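> Sharing a model that was predicted from the sequence below.
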Amino acid sequence: MSEHEGAALASAEAQVAAARDDPAARLALLARTYHGPTGRAPRHLPFRRAALSFMRWQAHRGVLGPLDASPPGSVWWRAINERLLRDGCEAVALVGGLAGEPSSQPVRLWLEFIARPTGRNWYRAHNASIVGAYLEHRGLADAESPPERFFMNVALVRVLYAHALVGAPSLALGPFAPLGRVLGDPRVGMAGVFLSLRRVLPNRYPLALEVDRYVADEQRLGRLLDYAVIVPRLQRLYEWSAVELGAPRLLELVRDGNPVYAWPFEERHVWSSLHMPRVARVLERATRAR
């Protein structure tokens, strides 16, 4: 591929590189992609809310900070974020007329979203970029602490589930499926509950406690959704997502209904709770697929 033929990808990489050590610049770059190549894309702007919810949470934790800061940012989280930014910028550049073919399946899905901005198309593009980044940067995950690696899996599960609310509501909510498209619509505030992750994951980086301490704390703080609704359908969620995103390797990240991204299957006990409150058991039964 000549330099001219890859102009769209080169432009995207240059924009990401310019924002690399400035979390605020990363956020601004993400926001600009929803304005399109001409600066005016009114049908895309409503989806900016959900995208910024996910990235603001990362910036607030400190994981996007420079590597020479004190404390430093996370090499893994920065790489995941850069993949999302690069894919979006490349798609906008292609639509704007820069030369090149889509460099990946996620970029093709971003082009589909740009052409037809629906909730399901947004999730397909966004989550394909996230899943692609997880797979691409698996080696970097090993340098993170055990609790951080645990929460990498929680974050992935949450974004996949938010997508299923819109794309496969019967899978996500069983008999309450009609509520799925409303709860998961990325254009409204409820989607931010699933994508900001502030009520689920610790808000600071790096993490200093053991995994079991965080799990216990999060249960007390109300991770009813995770244990009562999402965990019982995890295997099916990953299988559906792999097909929906055109990412069969996603199935490498789950085993017998247990997330295993940089996490040993032998420590799968963290994905179950023996002491769920009664309301959680009621919720599990109520949302069980018939």
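It's in. Numbers count the residues shown, from 1 in each chain.

> Against residue 54, how distant is residue 250?
Going from residue 250 to residue 54 by C-beta to C-beta, to the nearest Å gives 18 Å. No exception for glycine: its C-beta is placed from N, CA and C like everyone else's.

> What is the three-state secondary structure of the most centrally placed residue in the chain?
By C-alpha atoms, centre = their mean, the mean C-alpha position of the chain lies nearest to residue 159, the distance being 4.5 Å. Secondary structure, DSSP: H, G, I helix; E, B strand; the rest coil: residue 159 is helix.

> And the pLDDT for it?
For residue 159, the model assigns a pLDDT of 92.

> Next, find the distance separating it from residue 138.
Taking C-beta to C-beta, one finds residue 159 at 17 Å from residue 138.

> any weak-confidence spans in the stretch 151-290 of the chain?
189-200, 217-223, 274-276, 290 (pLDDT under 70).

> those helices in the stretch 101-250 of the chain, which residues are they?
For the stretch 101-250 of the chain, helices defined by DSSP state H, counting those that start in this stretch occupy the ranges 105-115, 119-136, 138-141, 146-167, 169-173, 180-184, 190-196, 211-220, 224, 234-244.

> Please produce CSV containing those, extended by distance to residue 84.
Converted to CSV, those look like this (distance: least, C-beta to C-beta, whole Å):
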stretch, distance to residue 84
helix 105-115, 9
helix 119-136, 5
helix 138-141, 15
helix 146-167, 11
helix 169-173, 23
helix 180-184, 19
helix 190-196, 12
helix 211-220, 25
helix 224, 28
helix 234-244, 16
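
> The spatially closest residue to residue 271 that is not a sequence neighbour bridge partners, please.
Nearest non-adjacent residue to residue 271, counting by C-beta to C-beta, 6 or more residues apart in numbering: residue 258, 5.2 Å away. On the basis of DSSP bridges, residue 258 takes part in beta bridges with residue 255.

> any idea how far residue 266 is from residue 258?
Residue 258 is 10 Å from residue 266, where distance means C-beta to C-beta.

> Same check on residue 7?
Taken as C-beta to C-beta, the span from residue 7 to residue 266 is 48 Å.

> between the two, who's got more neighbours?
Shown here are residue 7 and residue 266; by other C-beta atoms under 10 Å, residue 7 has more neighbours (16 against 7).

> what sits against the more buried one?
Under the criterion of C-beta atoms under 8 Å, 6 or more residues apart in numbering, the neighbours of residue 7 are 93, 98, 99, 100.

> If we use 10 Å, what do you get?
With contact set as C-beta atoms under 10 Å, 6 or more residues apart in numbering, residue 7 has these partners: 93, 94, 97, 98, 99, 100.

> Check residue 29 too.
Each residue near residue 29 by C-beta under 10 Å, 6+ apart is listed here: 12, 15, 16, 18, 19, 22, 55, 85, 86, 88, 89.
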